[in-house]
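S.K.: here is my input; please provide its structure:
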Amino acid sequence: MENFKDSYSIANIGEKEKETIKKCEEIMKEETGKNFVMIAWEKATK
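M.R.: Below you'll find the predicted structure:
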């Protein structure tokens, strides 16, 4: 089984992705009443 740390890293995101994540966080807050923080991971390239 591969190690998660070796397989994924925190994603490099652009402004569009950042805005989309913020929208998702706002929707989650509106619909659940809870604050969620989304973290973007991306598969490491070898």
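
S.K.: contacts for the longest helix seen in the chain, please.
M.R.: Looking across the chain with DSSP state H, the single longest helix is helix 15-32. Helix 15-32 is contacted by residues 11, 13, 34-38, 40 when judged by CB atoms under 8 Å, 6 or more residues apart in numbering. Where you see a C-beta, it was placed from the backbone N, CA and C, and this is true even at glycine.

S.K.: try 10 Å this time
M.R.: Contacts with helix 15-32, where a contact means CB atoms under 10 Å, 6 or more residues apart in numbering, come from 11, 13-14, 34-40.

S.K.: buried subset of those residues?
M.R.: Buried members of the contacts of helix 15-32, scored by 16 or more other CB atoms under 10 Å: none.

S.K.: ok so Ser9 is a strand residue?
M.R.: Yes: per DSSP: H, G, I helix; E, B strand; the rest coil, Ser9 lies within a strand segment.
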